[in-house]
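fold the stuff below for me.
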Amino acid sequence: MDLPSIARGLLISAIPILIAITFHEVAHGFTAYRLGDATAKLYGRLTLNPLAHIDIFGTILLPLLLYVLTDGRFVFGYAKPVPINPMNFKNPRQGMALSAAAGPITNIILAVLSALLLHFILTPLAKLTSLSVLETILVPLVMIATSSAYINIVLAAFNMTPIPPLDGGRVLVGLLPHKQAISFSKIEPFGFIIVLVLIYSGIANYLLIPFIAFFVNVLHLGPYLRLLEIL
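Coordinates of the predicted model:
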């Protein structure tokens with residue numbers, strides 16, 4: 001892949017990634033705030049300004065590295081976690097579960113909105129505009145919207161992996177009986193190591209791919225993703 005292609009691909013992915021992780025983290029903090037914990041608000045994290053959520057490695061270096069290493073086939077990133085104090089909730093386990101679930105749910109909503117934009121606004125406009133407008137404006141917008149839909153689906157799928165400290169793990173801790181929840185939560189210090197092992201071994205694919213494929217099919221993203229690969 002040549003440098004112009006890499007630069008174009010990064011520009012197309014950068015905006016969706018920033019929007020996805022910003023809304024993801026704000027959803028965590030806002031849900032916690034509504035449930036009684038104002039920690040995120042006090043730290044200035046209930047803002048849609050992406051600068052407040054950027055993590056140098058997770059938001060910039062990791063997506064760049066993945067894009068280059070996979071020839072643009074896979075891009076992923078994350079933001080600084082929003083601070084939440086479960087002791088401020090009336091029901092700490094339930095509050096943490098709801099706050100955790102809010103992030104992936106928000107990403108699914110963003111994926112749906114991106115797909116609606118593709119199907120009902122950008123595609124009809126593409127049939128009505130001139131070739132110059134199509135090439136300079138609509139094609140880049142279609143690529144950004146497609147990237148947005150896919151990135152949000154992948155982000156939701158990854159975060160719903162049922163291993164703490166990922167969102168799915170926190171949701172599971174909130175659903176398990178108290179004794180089992182305490183035992184399960186003890187693996188949190190090793191959570192990311194476990195996730196890396198699952199990814200490296202390929203086991204994670206059995207969890208992520210069905211979820212991703214389901215939403216790609218439901219939102220009819222296949223043709224757009226193939227177009228993105230061609231371009």
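
what's residue 50 in contact with, if anything?
Residue 50 is in contact with 18-19, 21-22, counting by CB atoms under 8 Å, 6 or more residues apart in numbering. The C-beta positions use only the backbone N, C-alpha and C, and glycine is treated the same way.

repeat for residue 55
Taking CB under 8 Å, 6+ apart as the test, what residue 55 contacts is 78-80.

leaving out the residues flanking it, which one is nearest to the residue positioned nearest the centre of the chain?
With distances taken as CA atoms, centre = their mean, residue 155 lies nearest the centre of the chain, 2.8 Å away. Take residue 155 and drop its neighbours on the chain: the residue closest to it by CB to CB, 6 or more residues apart in numbering is residue 107, 4.8 Å away.

ok, residue 219 next?
residue 115 (3.9 Å).

returning to what we had before: from the contacts of residue 55, which shows the smallest pLDDT?
Within the contacts of residue 55, residue 78 has the lowest pLDDT, namely 75.

returning to that earlier point: for the residue nearest to residue 155, helix, strand, or coil?
Of the three states, residue 107 takes helix according to DSSP: H, G, I helix; E, B strand; the rest coil.

returning to what we had before: off-centre distance for the helix or strand the residue nearest to residue 219 falls within?
Assigned by DSSP states H and E, residue 115 belongs to helix 92-117. With CA atoms, centre = their mean, to the nearest Å as the basis, helix 92-117 stands 9 Å off its chain's centre.

before we move on, what about stretch 21-30?
10 Å.

and stretch 190-207, by the same measure?
On CA atoms, centre = their mean, the centre of stretch 190-207 falls 17 Å from that of its chain.

the residue nearest to the centre of the chain and residue 200: what is the separation?
20 Å (CB to CB, to the nearest Å).

buried residues in the helix holding residue 115?
Neighbour-count burial for helix 92-117, counted by 16 or more other CB atoms under 10 Å, picks out 93, 95-108, 110-112, 114-115, 117.

that older thread, and the residue nearest to residue 155, what's its pLDDT?
97.

residues contacting it?
Here residue 107 is in contact with 20, 23-24, 152-153, 155-156, 159 (CB under 8 Å, 6+ apart).

of those, just the buried ones, ChimeraX syntax please.
In ChimeraX, this line selects whichever of these come out buried by 16+ other CB under 10 Å:
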select :20,23,24,152,153,155,156,159
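
and the contacts of residue 107, which is closest to residue 205?
For the contacts of residue 107, the closest approach to residue 205 (CB to CB) belongs to residue 153, at 14.7 Å.
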